[in-house]
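Asker: predicted model and sequence follow; I will ask about them next.
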Amino acid sequence: MARKTFRSPLKSWFGDDRLRRLFANAGILLGGKTVNAIAGLAGLAIAARALGVEQFGILVLIHTFTQTIGEIAKFQSWQAVLRYGTPALNEGRIGDFQRLLRFTAHLDGWSAIAGTFLSVAVAWALGASFGWPADLMPAALVYVTSVLFMVTATPTGILRLIDRFDILSVQSTLGAIIRMVGGGIAWVMGGGIVAFLVAWYVATAVAGIYLIAKGWSELRKRGLLDGYSWRGDGKPMSHGFDGVWSFVWSTNLSSTLELAYTHIGTLAVGWMLGPRDAALFRIARQLGEALAKPAKLLIPAIYPELSRMIEARQFGEMRSLIQRSALLAGAGAMLALVICWFIGEIGLRLIVGEEFVPAWPVMMWLVAAAVVGIWSFPLEPVMVSAGEAHKALMVRIWTTAVYIPILLACIHWFGLIGAGWARMFSAILVLVAFLVPVVRWFRQRMAEERNKA
């Protein structure tokens, strides 16, 4: 009898179809991300060993700068595809769905063009401030145009909407493998930093083109492009999607603010401490995130589930899903932290060499901050999926406004380790800042459902 009582909660816990589907989709991504992480680390290790700390730091700063401009320029239109495309498909409104795709595709195209011009202009003006040598500037200016291939939000949203996470997995791996193989060729042939820039550019371009092609191909297979025209149906592209402009601006600005917790840290370290410390910080972040990556893959996987549950007004089931998924993800992240504590320093020595071992202390703080972020991973998706993107944006604005000066002050006073301390502080701050409105939102929705009953 006791055995039956013990197993019943486990059966109800893991018997949830949504939870299983969430972790299954995350598992599909993990398959690709595992290869991606290995190839990514190998690519960084090859570049680090071939170029040395100083030159590797310059390569990292050029690449991180380009990623930053790409993130600033592009709209997170994949979230609009999920938010507005889910009800359109469920209700059979194919014409509305196609109009939504025209809208988000145009956003992608124009932001890619704007991002390319912006990246060249800013790189020309600020490259020297990051320690880029004058003789490397022509190659750097060419490299930053790879922003064109980073703006792939619409096909990403399409593939998430139709549960083709396997394609996203392949795409994420493709770029890392090309970067690794291309870097290996450059190393064997004695190529310098320009050769690595070429290899990394090709990797970005191929991965971006592949994702765009597969996204539209999957739509065509399902007949969702039948009668599709880029000229439209005579209606404004945003017609029928109330609040879509506010939504895409809010999610775009929110993702831009999130850069403070990713690429901006590397750029700030490079600007204040130089390419060598930027190289150490980038390696620390890469290795730290690799250990915590499996749990973070739940973030893109949970959006489709939340969209469906909100559409069906299944708020109780939704709360249960995020509680269970956060608990399981957090447990996995804690395990990653323990692994990092025991093997992190050895891993640095084996993967990238002795001169990168000083990155270990800051790596521990970055992993700990990632663990805190993983515990809170469902909170922002809940707000965005519920149409509360503006509130999520306000949280991002004020937490970023607090974090940036603390980051700069900690780097100034404490050096490289200060960047890790600042990141840990911000992770705790963001957790609390998102938890409070999400708890309030669930209480309101549950009260509404009780009143209706």
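Answerer: Received the coordinates, thanks.
Asker: how much space between Val60 and Gly131?
Answerer: Going from Val60 to Gly131 by C-beta to C-beta, to the nearest Å gives 11 Å. Placement of C-beta: from N, CA and C, glycine included.
Asker: give me the common contacts of the two.
Answerer: 270, 275 (C-beta atoms under 8 Å, 6 or more residues apart in numbering).
Asker: and those two? Which one has more around it.
Answerer: Val60 (26 against 16; other C-beta atoms under 10 Å).
Asker: quick check: that one touching Ala284?
Answerer: No - counting by C-beta atoms under 8 Å, Val60 does not reach Ala284; the two are 11.5 Å apart.
Asker: am I right that Gly157 is in contact with Tyr84?
Answerer: No - contact criterion C-beta under 8 Å: Gly157 and Tyr84 do not qualify, at 9.9 Å.
Asker: identify the contacts common to these two.
Answerer: With C-beta under 8 Å, 6+ apart as the test, Gly157 and Tyr84 reach no residue in common.
Asker: number of residues surrounding the closest residue to Ile46 other than its chain neighbours?
Answerer: Using C-beta to C-beta, 6 or more residues apart in numbering and skipping the chain neighbours, the partner closest in space to Ile46 is Gly183 (4.3 Å). With neighbours defined by other C-beta under 10 Å, the count for Gly183 comes to 27.
Asker: if I look at Gly183, how far off is Thr104?
Answerer: For Gly183, the distance to Thr104 - C-beta to C-beta - is 33 Å.
Asker: pLDDT of the helix or strand hosting the residue nearest to Ile46, averaged?
Answerer: Using DSSP states H and E, Gly183 maps to helix 165-188. Helix 165-188 shows a mean pLDDT of 88.
Asker: who are the packing partners of that helix?
Answerer: helix 17-73, helix 153-161, helix 193-221, helix 298-311 (3 or more C-beta pairs under 8 Å, 6 or more residues apart in numbering; DSSP states H and E).
Asker: can I assume Gly57 is in contact with Ala278?
Answerer: Yes - the pair Gly57 / Ala278 is scored as a contact, 4.6 Å apart, by C-beta under 8 Å.
Asker: anything in contact with each of those two?
Answerer: Gly270.
Asker: need the contact list for Phe191.
Answerer: Careful, residue 191 is Gly and not Phe. Counting by C-beta under 8 Å, 6+ apart, Gly191 has contacts 50, 185.
Asker: secondary structure element for it?
Answerer: With DSSP H and E as criterion, Gly191 is part of no helix or strand.
Asker: tell me the phi and psi of it?
Answerer: phi -70, psi 150 (degrees, to the nearest 10).
Asker: by mean pLDDT, show me the worst of the helices and strands packed on helix 165-188.
Answerer: Within the helices and strands packed on helix 165-188, confidence is poorest for helix 298-311, with a mean of 72 (mean pLDDT).
Asker: immediately after that one, which helix or strand?
Answerer: Next along from helix 298-311, by DSSP H and E: helix 315-351.
Asker: next, the buried residues of that next one.
Answerer: 315, 318-322, 324-326, 328-330, 332-334, 336-337, 340, 344-345, 347-348, 351 (16 or more other C-beta atoms under 10 Å).
Asker: can you check stretch 49-56 too?
Answerer: 49-51, 53, 55-56.
Asker: for those residues, could you give me a markdown table that also reports distance to Gly208?
Answerer: A markdown table is the format used below for the buried residues of stretch 49-56 (distance: C-beta to C-beta, whole Å):
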| residue | distance to Gly208 |
| --- | --- |
| Arg49 | 27 |
| Ala50 | 25 |
| Leu51 | 25 |
| Val53 | 30 |
| Gln55 | 26 |
| Phe56 | 24 |
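Asker: wait, which of those residues is closest to Leu273?
Answerer: Closest approach to Leu273 among these (C-beta to C-beta): Val53, at 12.2 Å.
Asker: so what's that closest one up against?
Answerer: 275-276, 279-280, 355-356.
Asker: closest to Trp200 out of these?
Answerer: Looking across these and measuring by C-beta to C-beta, the closest to Trp200 is Ala279, at 15.0 Å.
Asker: that closest one and Ser250, how far apart?
Answerer: Ala279 is 35 Å from Ser250, by C-beta to C-beta.
Asker: run through the residues that contact the closest residue to Ile406 other than its chain neighbours.
Answerer: Using C-beta to C-beta, 6+ apart and skipping residues adjacent in sequence, the residue nearest Ile406 is Ala422, 5.0 Å away. Neighbouring residues of Ala422 by C-beta under 8 Å, 6+ apart: 403, 406-407, 409-411.
Asker: again, but for Ile38
Answerer: So Ile38 contacts nothing (C-beta under 8 Å, 6+ apart).
Asker: remind me which helix or strand Ser426 belongs to.
Answerer: helix 416-452.
Asker: rounded mean pLDDT for that helix, please.
Answerer: Rounded mean pLDDT across helix 416-452 is 89.
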